[in-house]
Each structure stands twice: as structure tokens, then as C-alpha cells.
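# Predicted coordinates and the sequence they were generated for:
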Amino acid sequence: MGSGRRYAVLAVLALAVPAYADPSDLAVVQAGAAKLSLADVQRRLDSIPEFQRRTFGKTDDEVRRHVVDALLVPELLFAEYARERNLAAAPHVRLRLREALERSLADSIVQETTGAGVTDPDLRAYYDAHRDDYVQPERIRIARILVDDEALAKRIATEAAGTAGIERWRNLARENSLDAATKLRGGMVGFVYPDGRTDVPQVAVDPALYAAASKVKDGDLVPGPVKEAGHLAVVWRRGSLPATSRSFETEREAIRTIVVRERAARAFTTLVEGLRQKDVKEENPSLLESLAPEAPPGPSAGPSPSAPAATSADPVPRVTDRGLR
């Protein structure tokens with residue numbers, strides 16, 4: 001290695017090592033003020049897949065030397081050069097550093113949660129609380145036209161019978177249905193469960209619709225009108241989804257991942273709230289009113305070399321209903 005290089009590989013000699021020194025803390029490479037310890041090199045080696053590691057040399061010694069010389073030394077040199085140019089003060093670099101620190105913190109919280117362990121009773125409790133996600137009966141996709149007159153109900157069923165009649169169903173629903181929520185979409189209720197629940201959590205119907213639709217095939221009209229909350233429904237079975245059942249045993253590891261993420265998300269939220277109360281001293285939301293949104297570039301405009309992207313290609317994890325994402 002030439003004397004003009006900004007780094008020095010330090011030879012580790014057994015006689016020069018104090019008895020109390022931890023060999024993993026000794027510097028293998030120094031570039032300016034930055035040092036790379038033996039433990040740093042080992043961590044990087046451990047992170048390289050075996051198939052990729054073999055491309056760096058035929059022997060373990062060749063691999064180690066090549067990784068240090070071809071990967072780690074350039075990283076140290078670039079980092080030292082960036083430090084000399086004070087790039088850490090640049091706004092877009094500060095943003096990336098904040099994102100990297102937040103990701104690292106989120107990862108450490110997940111690791112701590114994983115290390116705390118999740119017991120089988122914890123997993124079983126989650127499975128039981130979310131059983132509808134794993135065990136579902138047959139669901140029938142139902143459209144219906146709600147009327148008050150039995151003669152009208154029979155006429156609609158007659159006019160909607162057969163392939164040609166089905167094409168008139170939407171108009172029949174729009175003109176005759178008493179259900180304002182569905183009449184403009186062809187009377188479509190959606191997928192219905194045996195107890196009257198639908199695939200929309202806020203919507204439920206009379207279980208009699210499911211019971212009637214379950215007696216005909218997909219695509220068929222129920223022969224007679226169905227009583228529904230004091231009205232009469234002309235019911236069309238549009239399709240169905242088969243019953244599904246995924247056991248606790250088959251879903252155990254997937255549930256473990258969900259539980260860990262949920263616990264990490266709660267820990268993350270608690271930490272944020274605690275830090276907010278501790279460190280946020282002043283907020284001036286009124287100042288935001290002075291910020292004018294920047295006009296988007298035209299179709300032919302390319303990225304500006306002087307304006308680095310404000311968002312990261314690897315976004316910071318956020319708290320969702322299934323944990324950190």
C-alpha cells in the first residue's frame with residue numbers, strides 16, 4: 001500500500017497486545033479519524049452470504065483481505081472525505097441520517113421484542129381473537145331488489161329471468177328498489193356470511209337472504225321473493241367464495257411475526273409519546289401557513305441535479321394496524 005494513501009492497515013502482533021486488551025476491539029484499518037475494528041470486519045463478513053463470499057477469494061485469508069481492501073477501505077475513505085467536506089451539514093444528508101437512525105431504532109425495538117419471546121398462549125390468544133381471518137364459512141355474493149308489493153316482486157323475477165333478463169336487472173333495481181344504499185349499483189349487497197354480515201364491516205343484512213341464496217347455484221335467481229324486515233326481496237346469487245379453514249398450527253409462525261410487529265409498534269408509539277413529552281419544548285404550527293406548496297415539474301422536466309430527492313428509496317418504518325411497516 002502506497003504511503004500517499006489516507007489509511008493504514010495495522011499489523012496485530014501478539015507481543016504488542018496488552019494482556020487486558022480485547023482483540024476484537026483492535027483497529028484493523030484506520031482512515032483519518034475513522035477506525036475499523038476486528039469486530040467490525042467480522043460483522044461485515046457475517047453479513048455476506050456464503051455464495052457471494054466465495055467470489056472474493058479461494059481461501060478464508062484471501063476473502064478477509066479482499067473484503068477489507070475492496071469494500072471496507074473505500075467506505076472509510078469516502079466517509080472521511082465526506083466528513084472533511086462537512087457533508088453531514090447538508091439538508092438532504094441530515095434527512096437521510098435521521099431516516100437511518102430512525103430505521104435503526106425501529107430495528108432494535110423489533111429485536112428487543114423478539115428477544116423477549118412470544119409464548120404459545122400469546123399466539124393462541126391472537127388466533128382466537130382473529131378467528132374470522134383464518135376460519136371462514138362459504139360467502140355468497142348477493143344482489144337484491146327490495147320492494148313492498150308481491151306482484152311487483154314476481155314481475156321483477158320474471159323479467160330478470162334468463163340471460164337477456166339479467167341485463168335488465170340494473171334498471172329494475174334503479175327503478176324499483178327501496179334500498180337507497182344499493183339501488184344505484186344494481187342492488188349489489190356484496191359477499192354475505194350466514195349470519196348476515198357482509199364483507200363491509202358496517203353493513204349487515206337479514207340472514208334470510210343468505211339462507212335463500214344458499215339453495216340455488218351461482219348465477220341463479222331465488223325462485224320466490226324473500227321476506228326481509230317487513231319488505232320483499234328479489235334475490236340474485238351472483239357468485240360465491242368457498243369455506244376456508246387455516247389451523248393454528250399452520251399459521252403459528254405467521255402469527256408470531258404479527259405479534260412481534262404489533263408489540264414493537266406499541267413500544268415505538270410509547271417511546272415517541274414519551275420523547276415528545278420530554279423533549280418537545282415549543283411548537284408553532286401557525287408558521288406552516290407561510291409555506292407555499294412547490295409547483296410540480298412539467299411533463300418534460302427532469303430531476304434537478306441541485307435538488308436531491310427528499311424521500312428515501314428505503315422508507316422509514318411507520319406504525320400500522322399490523323405493526324411497523
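Noted; the coordinates are in hand.
# Next up, the contacts around the residue found closest to Val205 once you drop the neighbours it is linked to in the chain.
Excluding the flanking residues, the one nearest Val205 by Cβ to Cβ, 6 or more residues apart in numbering is Gly196, at 5.1 Å. No exception for glycine: its C-beta is placed from N, CA and C like everyone else's. Contact analysis of Gly196 by Cβ atoms under 8 Å, 6 or more residues apart in numbering lists Ala204, Val205, Asp206, Pro207, Leu209, Tyr210.
# What are the buried residues along the longest strand anywhere in the chain?
Scanning the chain for the longest strand, with DSSP state E as the assignment, gives strand 231-241. Taking 16 or more other Cβ atoms under 10 Å as the neighbour-count basis, strand 231-241 is seen to contain the buried residues His231, Leu232, Ala233, Val234, Val235, Trp236, Arg237, Arg238, Ser240.
# any residues touching it, and which ones?
With contact meaning Cβ under 8 Å, 6+ apart, strand 231-241 is reached by 136, 138-150, 153, 156-157, 160, 166, 169, 178, 187-188, 191, 206, 209, 212-213, 216-222, 225-227.
# which regions of the stretch 201-325 of the chain sit below the pLDDT cut-off?
The stretch 201-325 of the chain contains residues with pLDDT under 70 at 294-325.
# Okay, helices next: where are they in it?
Shown for the stretch 201-325 of the chain, the helices assigned by DSSP state H, counting those that start in this stretch span residues 207-213, 248-279.
# and the first one, what does it pack onto?
It stands for helix 207-213. Packed against helix 207-213, as judged by 3 or more Cβ pairs under 8 Å, 6 or more residues apart in numbering; DSSP states H and E, are the following elements: strand 139-147, strand 188-192, strand 226-228, strand 231-241.
# could those be laid out in a markdown table, adding distance to Arg252?
Supplementary listing: the helices and strands packed on helix 207-213 in a markdown table, determined by distance: least, Cβ to Cβ, whole Å:
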| stretch | distance to Arg252 |
| --- | --- |
| strand 139-147 | 25 |
| strand 188-192 | 28 |
| strand 226-228 | 42 |
| strand 231-241 | 25 |
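# For Trp169, give its distance to Leu178.
Between Trp169 and Leu178 the computed distance is 16 Å (Cβ to Cβ, to the nearest Å).
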